[in-house]
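1. sequence and predicted model, in that order:
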Amino acid sequence: MNGKKTALITGSTSGIGLAIAKRYAAKGYNLVFNGLEPNGAEIAQSVADEYQIEHLFFPANMADPAQITAMAADSLQRFGSVDILVNNAGIQFVSPVESFPEAKWDAIIDINLNAAFHMTKALWPKMVENKFGRIVNMASAHGLIASPFKSAYVSAKFGIVGFTKTLALEGGPVGITANAVCPGYVFTPIVENQIPDQMKTHNMTREEVIEKVFLKEHAVKEFITVDAIAEAVLFLTDSAAASVTTGIALPVDAGWTAH
């Protein structure tokens, strides 16, 4: 324990999660990293070395509640508290509902929705004890509107928005805020991995999929940057927002949900 605040970010060794982790590292937070990349420990160590912070890394599978609760317990033992929780880990699979594999449905619900519940539940009592907690759940524009061929992902993200609102109501009286961020299309590995499936589903080229599927509904015809999402998360946990901002689902979506 070093007296500094601690942030735990799931899925934080790549993409959006890594960008968020770097923002908190720059502010001097202790960091708890999580990810399944083979070099995840090295990624976490490089961030810690760059910003001279203390950290932990867990290759915990977010589909396994036992691994989630163990990660939470070890983090609390090392740092004393987890002040900021960002439930960011997520996966995606694209398929028509009639051929959607049951195993893929279960995995998406487990990692995108159930994991946020298990991690929050494990850290909640200490936040209540401290009368302080900042929770940000990574939802999606697909937590506000639907798209075809993404039944599991849309269901999970709508669930995350509802879960966030419930946490805000329960946490408000005890000093805990909870908010969701709803990105549009951010060019991350999860989006990159969707492109071949979308090419097959729509019988399009890669360029056509980017233009006519991913960016079709963006008012600004660009992918959103990971840094823009990280800044939104940082704002929602900052003292400037804390007294009034809880229970919201904040779109960072290039105007997608303005339709």
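-> Cool, got the structure.
2. and the next helix or strand past the helix or strand harbouring Glu231?
-> Element membership for Glu231, per DSSP states H and E: helix 226-237. Next along the chain after helix 226-237, taking DSSP H and E as the criterion, comes helix 239-242.
3. so how far is the helix holding Glu231 off the chain centroid?
-> Distance, stretch centre to chain centre, for helix 226-237: 11 Å (CA atoms, centre = their mean, to the nearest Å).
4. which positions within that helix qualify as buried?
-> Val226, Ala228, Ile229, Ala230, Ala232, Val233, Leu234, Leu236, Thr237 (16 or more other CB atoms under 10 Å). Where C-beta positions appear, they are placed from N, C-alpha and C, glycine not excepted.
5. Gly11 versus the residue nearest to the spatial centre of the chain, what's the distance?
-> Compute the mean C-alpha point of the chain, and by CA atoms, centre = their mean the closest residue is Asn88, 1.7 Å away. The spacing between Asn88 and Gly11, counted by CB to CB, to the nearest Å, is 5 Å.
6. contacts for stretch 9-19, please.
-> Contacts to stretch 9-19, defined as CB atoms under 8 Å, 6 or more residues apart in numbering, come from residues 20-21, 24, 31-37, 39-40, 43-44, 47, 57, 62, 86-90, 115, 119, 138, 183, 186, 188-190, 226-227, 229-230.
7. ok, the longest strand along the chain: who's next to it in the sheet?
-> Secondary structure of the chain read by DSSP state E shows that its longest strand is strand 176-183. Strand 176-183 pairs in its sheet with strand 133-138 (parallel), strand 249-252 (parallel), by DSSP bridges.
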